[in-house]
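Trainee: Below is the sequence, then the predicted model.
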Amino acid sequence: MDYEALRGDGGTDKIDPYDIIESDSIRRDFPVTHKKVYMNNGAIAPTPLSTIKSITDFLVKSSEGGPGSTCISEYITSLMQELRTRITHLINCEPEDVIFTQSTTEGLNYVSSGINWSRKTNDSIIVRGGAHEHYANYLPWLQVSKRKGIKLHELKIDENGYFELEELEALLKKKTNNGNQNNKSNRGSTTLITLSHALYNSGSIMPVTNVGKIARENQALFCIDAAQTVGSICVDVKKIGCDFMAFPAFKWICGPVGMGIFYCSKKAAEFLVPHFIGGESATLSVDEKQKQKKVITYADGPERFQAGFRNYGGVAGMESSVRYILRLGIENIRKKNLKIANVLRDELAKIPNIKIHGPDDENLRTSIVSFSPVSSSYSIVDSGTIVNKLEQNEIIFAERDMGGGMKAVRAAPHFFNTEEEAVRAVRYIKDILK
């Protein structure tokens, strides 16, 4: 990427970041584009060369300075603070609300395992149609339900994965009334709503701001799986009003695998007991009055959730990737991604007997485009076979479950992809289906 042009340094006229996105220079940052049409960014996105360099530079600096030395320890602390600051610009939160994880799954499990669930207080969890939800945001809640005897409510969904807000409101009101009558404990009842911000299989964007308002009005906690949105669309946790959010570095942020973020608001943190504990997350002391009684005191802020060492090379890489996409601008990325997605949808629509999943309105979806052949006249209707044949031609898509036994071929283009690649990919799909 031409950073000097973006800044306008040294007398260079400042260039619109969107023009950078549309230029060939952006593709030079991603070596995979030299040989392949890579549109599986909803699974793992490639990292730009600048991120690879940041990781390498960290490892070299750590090795030269001595990984256990004071100077490197201070450098790591500064690096983590810098990443937290970048995340505040990315999702509009506070630095102390940011916890480093390995993945979205780990972040969601902080919530499912951290709340002191109780059947006696009529606690409950509300999810969006479990059969249509990503396992990372379904299995943890199902496990809690089975282990603790907690009620798991599954909202009815339409073919695009949407649910009725009225059903959610009615469920919460009913739950509140029943909870007051059946509560056998001194503490209040806990209700948690958990949703994917956008669906991994169709790209449908859920009405999270509306849900956040409903959650607040009914004193319910609100947790979001933002794996398919952060880095591809604008995300504002304060506007949404969620209590928890989890997302990875390695999808739309184009960061390293094994890094993720868990956002936890200060108020919601009171509901969580850390699942892991160690020297960095807590201290041990002896009660002055009861000399034999040992007291565990958790650290303040995000440190209480971070027991043990972190993947500091990954922190360096994620900081670089977040800086990269923020320089481009999320709105610019969104504009480019939709442009490619619309070309894919338009070209696929020319193929008869193809079902294109997700809403037609581009404001209601990400750049994910999924389709399923629905005619027995095609020689190949199995989505997995189509994906394999595309990869044989250096086109990387994915197969995903749409629920109800239906599979789909999924494209997940990002800003370094082109309209020409979209047209070429669909041309190969036509040839495969013949």
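Mentor: That came through fine.

Trainee: residues in contact with the most centrally placed residue in the chain?
Mentor: Nearest to the geometric centre of the chain sits A227, at 1.5 Å (C-alpha atoms, centre = their mean). Going by C-beta atoms under 8 Å, 6 or more residues apart in numbering, A227 touches T104, H134, A136, S196, H197, Y200, A246, F247, P248, K251. From N, CA and C alone the C-beta is placed, and that goes for glycine too.

Trainee: just checking, which of the residues you listed belong to helices?
Mentor: Members of the contacts of A227 lying in helices (criterion: DSSP state H): T104.

Trainee: Tabulate the contacts of A227 (CSV), appending neighbour count and distance to A220.
Mentor: Putting the contacts of A227 into CSV (neighbours: other C-beta atoms under 10 Å; distance: C-beta to C-beta, whole Å) gives the following:
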residue, neighbour count, distance to A220
T104, 27, 21
H134, 19, 21
A136, 20, 21
S196, 27, 17
H197, 22, 17
Y200, 27, 24
A246, 28, 18
F247, 29, 21
P248, 30, 26
K251, 27, 27
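
Trainee: Same list (the contacts of A227) but as a markdown table, adding pLDDT.
Mentor: Output for these, formatted as a markdown table (pLDDT from 0 to 100):
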| residue | pLDDT |
| --- | --- |
| T104 | 98 |
| H134 | 94 |
| A136 | 96 |
| S196 | 98 |
| H197 | 98 |
| Y200 | 97 |
| A246 | 99 |
| F247 | 99 |
| P248 | 99 |
| K251 | 99 |
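
Trainee: Wait, a strand at the residue nearest to the centre of the chain?
Mentor: No - under DSSP: H, G, I helix; E, B strand; the rest coil, A227 falls outside any strand and is assigned coil.

Trainee: what's the burial count for T385?
Mentor: By the criterion of other C-beta atoms under 10 Å, T385 has 14 neighbours.

Trainee: looking at this, it is in a helix?
Mentor: Yes - assigned with three-state DSSP, T385 falls within a helix.

Trainee: so A198 sits right up against P207, yeah?
Mentor: No - here A198 does not reach P207: they are 11.2 Å apart, not a contact under C-beta atoms under 8 Å.

Trainee: out of these two, which sits in the more crowded spot?
Mentor: Applying other C-beta under 10 Å to A198 and P207 shows that A198 carries more neighbours, namely 28 against 15.

Trainee: Give me the number of neighbouring residues for E421.
Mentor: By the criterion of other C-beta under 10 Å, E421 has 21 neighbours.

Trainee: Mind giving me the packing neighbours of the host helix or strand of I333?
Mentor: Using DSSP states H and E, I333 sits within helix 330-348. When contacts are defined as 3 or more C-beta pairs under 8 Å, 6 or more residues apart in numbering; DSSP states H and E, helix 330-348 packs onto helix 17-22, strand 354-356, strand 369-373, helix 419-433.

Trainee: Could you give the average pLDDT over it?
Mentor: For helix 330-348, mean pLDDT rounds to 98.

Trainee: In this protein, where is pLDDT below threshold?
Mentor: Within the chain, the ranges that satisfy pLDDT under 70 run 1-14, 131, 176-188, 291-292, 379.

Trainee: what domains does the record give for it?
Mentor: For the chain, the TED database gives the domain ranges 76-325, 331-433.

Trainee: Endpoints of the last one, how far apart?
Mentor: Which is domain 331-433. Distance across domain 331-433, first residue to last, is 36 Å (C-alpha to C-alpha, to the nearest Å).

Trainee: Over to the longest one?
Mentor: Using C-alpha to C-alpha, the end-to-end distance of domain 76-325 comes out at 22 Å.

Trainee: hang on, the earlier thing: distance from the helix holding I333 to the middle of the chain?
Mentor: Centre-to-centre, helix 330-348 and its host chain are 19 Å apart (C-alpha atoms, centre = their mean, to the nearest Å).

Trainee: Other residues contacting that helix?
Mentor: 17-18, 21-22, 90, 203, 231-234, 325, 354, 356, 362, 365-369, 371, 411, 413-415, 417-419, 421-423, 425-427, 429.

Trainee: show me the contacts for the nearest residue to G107 once chain neighbours are set aside.
Mentor: When the adjacent residues along the chain are set aside, G107 lies closest to A246, with 2.8 Å between them (C-beta to C-beta, 6 or more residues apart in numbering). A246 is in contact with 101, 104-108, 110, 223-227, 260-263, counting by C-beta under 8 Å, 6+ apart.

Trainee: bridging residues for A246?
Mentor: On the basis of DSSP bridges, A246 is bridged to D225, F262.

Trainee: ok, now how distant is it from W117?
Mentor: Plainly put, A246 is 18 Å away from W117 if you go by C-beta to C-beta, to the nearest Å.

Trainee: Now the helix ranked longest in the chain: buried residues?
Mentor: Looking across the chain with DSSP H, the single longest helix is helix 70-91. By neighbour count on 16 or more other C-beta atoms under 10 Å, the buried set for helix 70-91 is 72, 75-76, 79-80, 82-84, 86-88, 90-91.
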